[in-house]
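> Mind looking at a prediction? Sequence and model below.
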Amino acid sequence: MSTTLTPPEADIGARDRALAEDQAADARAKRTKLVHYAGMPLFLLVVTVALLLYIQGSELDSIETRSLAANVQFTRLQEHLLLTGVSTFFVLLLAIPLGIAATRPRVRKYAPIVIGLGNAGQAIPSLGALALLFFLFRTVDWLPSTGTIPVVVSLIAYSFLPILRNTMVGLDQVDANVLEAGRGMGMSNRLVLRRLELPLAVPVILAGVRTALVLNVGTAALAFLFGGGGLGETIQAGFQLNRQPVLVFGAVSVAILALLVDYLAGLVEEVLTPRGL
Amino acid sequence: MTDQTNDTKQYDKETAIGGDAAVGETMIELRDLTKRYPGEETPAVDRVSMEIPKGEIVVFVGPSGCGKTTTLKMINRIIEPTSGNIIIDGEDVTTIDPNHLRRRIGYVIQQIGLFPHITIEGNVGTVPRLLGWDKDRTDARIDELLDVVGLDPAVYRSRYPKELSGGQRQRVGVARALAADPPVLLMDEPFGAIDPITRTRLQNEFLRLQEELQKTIAFVTHDIDEAIKMGDRIAILKEQSHIAQFATPEEILTNPANEFVEDFVGTGATLKRLKLTRVRDIAVVDDALIGRLDEPREDLQKRLKESEWTAMLLLDKDNKPARWLRAPDFRHDRPAAELGLPARAMVEKQATLSDALEEMLVGSAGVAIVVDGRGTYEGILDVDSIITSIQTMRDADAEFYRAAKLIDPADEVA
């Protein structure tokens, strides 16, 4: 259709250049991809091996041996993962729909307030926040003062805001022209949300989920405050008993877990991000 | 439908400045359409009434903030009117389900708004899918449309918008708007965000397309030159979308209704008329001296010598212009395909004289070669024919002004 106005030589030259650039970019992408995917697992493997060698090499007394027994630590890991998983699950269930609701046209004008609150909530240190919740659970009679429930509730409360905020920011940054084009073609509001807004907000929402997950892995280490179990118990034991290997094992394993979760969440993020973005 | 049209004609003769709209059927009618935003004293759009004839491009043009885009967006109710009515093809659509309305109206916006996470095929197939077409029909339609806008379906179907250039994206935008073959198209500065060269090309392509499709199109631009080029009719809008003049481009250029229109159209009306007249409107030389690339050069030389022409145009096997030959070129001992100059400055029949003149100046040949959509040779256009046509226009203008003054001097003030 346009061939008549363009000298064909220019087209071909441009196409060749574009192809060459594409190939170069592909090669670069392949190298970075390898580093990108294999780097973190390798690093974590090295750290884990180093940690095990360190424990193996230390002369452990009976208390330390008991604390670091494989089955004990495995239970703590399970508890830790459960606390993180359950709280993240509920946070997603609550915060994403609320974020969607808060960006609908009728209430949109209040969105900046919610986002501001989200940012403020994020600034509170986790130990402080948990201590406050701990106090709340202790003083209010009808609330359980120990166990999994107060921990999960605290984790939900603490990671609620980043997900809410990212959901809102993610929906907010979707190109208004894309939405207008969708509406202009006769998509209902619900279709615009499902086919355009949510897929285009996915990268930002998932970044929020990833942040929340990592936060939860770290904050779940404070579950021992409520007697909620988890790897935090190991750290706590290390402190109380003044046993360095126990302390190091607990602290490093929480760090490894957090990095691993972050890495896995990053993979999920890549898979779920729509192509073409 | 004709009854309906007559009905609407009766309505409010003062404000429906339709001119000779009665000739064709009315496709879109706006009745006292008003948009008032809460908390603002003056309405953004104040009682616009207008009739858009079937199969025509009506351009809304005016200074920024005049309400032209608001007016356009009230037609598919992306912006809901505060009061007034929209009648499309005889049906009052002011209160029907807006989603159903919009599926019947093609919509192209300046920023195109392609869905970045969906392939070209998915983008173009949006409305057919909304309308519940089956897969085969949708697929066939997508291929057909990509072909129509000059994108090879095999190459582009499964690409994502970011893999396309600006001009290609705009083509996809047009294909997407045409997907369900809507009778009405709304275009909001569709070529606004594109570089000037591509814009001219897309405008020409679109005009050629429109010749076949005969859609009813409401088109917004702030550029009077684009309005003159694209519009069958132009509505020049003042603030609050008050219509300063609603007439054919010729009429607006030769007989501006008031000072506002005169100012807005600006100076250089003759140059603008060049944008109004198309190559197909003036006489094209179709008996130029033509040779073939594969002819023996002795034959070519002989024919050129015997003719009254100073140059000969060589065509390739597909009848596409290849090279210009002049007598001195034969001094060189090379095959015909390497003699002379490559043929440049090609224009299509839809191109305006302004485009053609520009091609000539760039090609420095003093002539432009007229080709069809596939690049096949059709004729030659030289500077003389353009100058003749300017002369004719100016004579006609002078006639027109004299006649207008004789008949009714009051017209000038209206």
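Everything's here; your move.
> For residue 247, give me its contacts.
All of this is about chain A. Counting by CB atoms under 8 Å, 6 or more residues apart in numbering or on different chains, A:L247 touches A:I235, A:G238, A:F239. The way it works is simple: take the backbone N, C-alpha and C, and place the C-beta from them, glycine included.
> Sorry, I should have been clearer: chain B.
The neighbourhood of B:A247, defined by CB under 8 Å, 6+ apart, consists of B:G19, B:R233, B:I234, B:N255, B:A257.
> so what's the backbone phi/psi at the fourth one?
The one in question is B:N255. phi -140, psi 60 (degrees, to the nearest 10).
> Tally up the residues packed near it, please.
Neighbour count for B:N255, taken as other CB atoms under 10 Å in any protein chain shown: 16.
> gap between the closest residue to chain B within the stretch 51-200 of chain A and B:A177?
Closest contact between the stretch 51-200 of chain A and chain B, by CB to the nearest CB, is at A:A181 (2.9 Å). Going from A:A181 to B:A177 by CB to CB, to the nearest Å gives 9 Å.
> next one: B:Q210
As judged by CB to CB, B:Q210 and B:A177 stand 12 Å apart.
> ok, back up a step: of the contacts of B:A247, the lowest pLDDT goes to which?
Here the lowest pLDDT out of the contacts of B:A247 sits on B:G19, with 42.
> give me every residue that touches the residue nearest in space to the middle of chain A.
Using CA atoms, centre = their mean, the residue of chain A that lies closest to the mean C-alpha position is A:R210, 1.6 Å off. Contacts for A:R210 (CB under 8 Å, 6+ apart) come out as A:D262, A:A265, A:G266, A:E269.
> When B:Q210 and B:A177 are compared, which one has more neighbours?
Neighbour count, other CB under 10 Å: between B:Q210 and B:A177, B:A177 has more, with 26 against 18.
> re the thing from before, let's have the contacts of B:A247 in JSON lines, adding distance to chain A and secondary structure.
Shown next, in JSON lines, are the contacts of B:A247 (distance: CB to the nearest CB, whole Å; DSSP: H, G, I helix; E, B strand; the rest coil):
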{"residue": "B:G19", "distance to chain A": "29", "secondary structure": "coil"}
{"residue": "B:R233", "distance to chain A": "23", "secondary structure": "strand"}
{"residue": "B:I234", "distance to chain A": "23", "secondary structure": "strand"}
{"residue": "B:N255", "distance to chain A": "34", "secondary structure": "coil"}
{"residue": "B:A257", "distance to chain A": "32", "secondary structure": "coil"}
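> got TSV for the residues you listed, with distance to A:L193 too?
Shown next, in TSV, are the contacts of B:A247 (distance: CB to CB, whole Å):
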residue	distance to A:L193
B:G19	44
B:R233	39
B:I234	39
B:N255	51
B:A257	47
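> Out of those, grab the one that's most surrounded.
Within the contacts of B:A247, most neighbours by other CB under 10 Å means B:I234, with 27 neighbours.
> re the thing from before, shared neighbours of A:A181 and B:A177, which are they?
By CB under 8 Å, 6+ apart, A:A181 and B:A177 have these common neighbours: B:Y107.
> Would you mind listing which of the contacts of A:L247 are buried?
A:I235, A:G238 (16 or more other CB atoms under 10 Å in any protein chain shown).
> so after the lowest-mean-pLDDT helix or strand in chain A, what's the next helix or strand?
Lowest mean confidence among the helices and strands of chain A (mean pLDDT, DSSP states H and E): helix A:8-57, at a mean of 75. Counting by DSSP states H and E, the next helix or strand C-terminal to helix A:8-57 is helix A:62-67.
> From the contact counts, what lies against that following helix?
Counting contacts by 3 or more CB pairs under 8 Å, 6 or more residues apart in numbering or on different chains; DSSP states H and E, helix A:62-67 packs against helix A:232-241, helix A:244-272.
> Now do the same contact list for A:F134.
Residues counted as contacts of A:F134 (CB under 8 Å, 6+ apart) are A:P150, A:S154, A:L225, A:F226.
> Sorry, wrong one. I was asking about A:D61.
By CB under 8 Å, 6+ apart, the neighbours of A:D61 are A:R243.
> Look at the residue nearest to A:A220 when sequence neighbours are not counted and report its pLDDT.
The shortest distance from A:A220 to any non-neighbouring residue, by CB to CB, 6 or more residues apart in numbering or on different chains, is to A:L83 (4.4 Å). Per-residue pLDDT puts A:L83 at 91.
> Same question for B:A16.
pLDDT for B:A16: 38.
> For B:D372, give its distance to B:Q391.
In terms of CB to CB, B:D372 sits 28 Å off from B:Q391.
> okay, the two: which has more neighbours?
Shown here are B:D372 and B:Q391; by other CB under 10 Å, B:D372 has more neighbours (13 against 10).
> That one and B:E378 touch, don't they?
Yes. With contact defined as CB atoms under 8 Å, B:D372 counts as touching B:E378 (5.6 Å).
> can you list residues touching both of the two?
Shared contacts of B:D372 and B:E378 (CB under 8 Å, 6+ apart): B:K349.
> isn't B:P321 right next to B:V347, touching?
No. Using CB under 8 Å as the test, B:P321 is too far from B:V347 to be in contact (11.3 Å).
> Need the residues touching each of these two.
Common neighbours of B:P321 and B:V347, counting by CB under 8 Å, 6+ apart, are B:I369, B:V371.
> SS state for B:I369?
strand (DSSP: H, G, I helix; E, B strand; the rest coil).
> ok, it to chain A distance?
Counting by CB to the nearest CB, to the nearest Å, the gap from B:I369 to chain A is 9 Å.
> For that residue, give me its contacts.
B:L313, B:P321, B:A343, B:A345, B:M346, B:V347, B:Y377, B:G379, B:I380, B:L381 are the contacts of B:I369 under CB under 8 Å, 6+ apart.
> For the first one, grab the count of nearby residues.
It refers to B:L313. Neighbour count of B:L313, defined by other CB under 10 Å: 20.
> and it, what helix or strand is that in?
Assessed by DSSP H and E, B:L313 sits inside strand B:311-315.
> could I get the contacts of A:R210 as a markdown table with pLDDT and neighbour count?
Listed next are these as a markdown table, based on pLDDT from 0 to 100; neighbours: other CB atoms under 10 Å in any protein chain shown:
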| residue | pLDDT | neighbour count |
| --- | --- | --- |
| A:D262 | 93 | 15 |
| A:A265 | 91 | 19 |
| A:G266 | 90 | 16 |
| A:E269 | 89 | 16 |
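> From the chain's centroid, how far away is the strand or helix carrying the residue nearest to the centre of chain A?
A:R210 is part of helix A:198-219, with elements assigned from DSSP H and E. On the basis of CA atoms, centre = their mean, to the nearest Å, helix A:198-219 sits 4 Å off its chain's mean C-alpha point.
> re the thing from before, just give the number of residues close to the residue of the stretch 51-200 of chain A closest to chain B.
Residue crowding around A:A181 was assessed by other CB under 10 Å; the count is 27.
> got a pLDDT number for it?
At A:A181, pLDDT is 95.
> Quick check, it in contact with B:Q110.
No. Counting by CB under 8 Å, A:A181 sits too far from B:Q110 to count as a contact (10.8 Å).
> show me what contacts B:N204?
By CB under 8 Å, 6+ apart, B:N204 lies in contact with B:E348, B:Q350, B:A351, B:D355.
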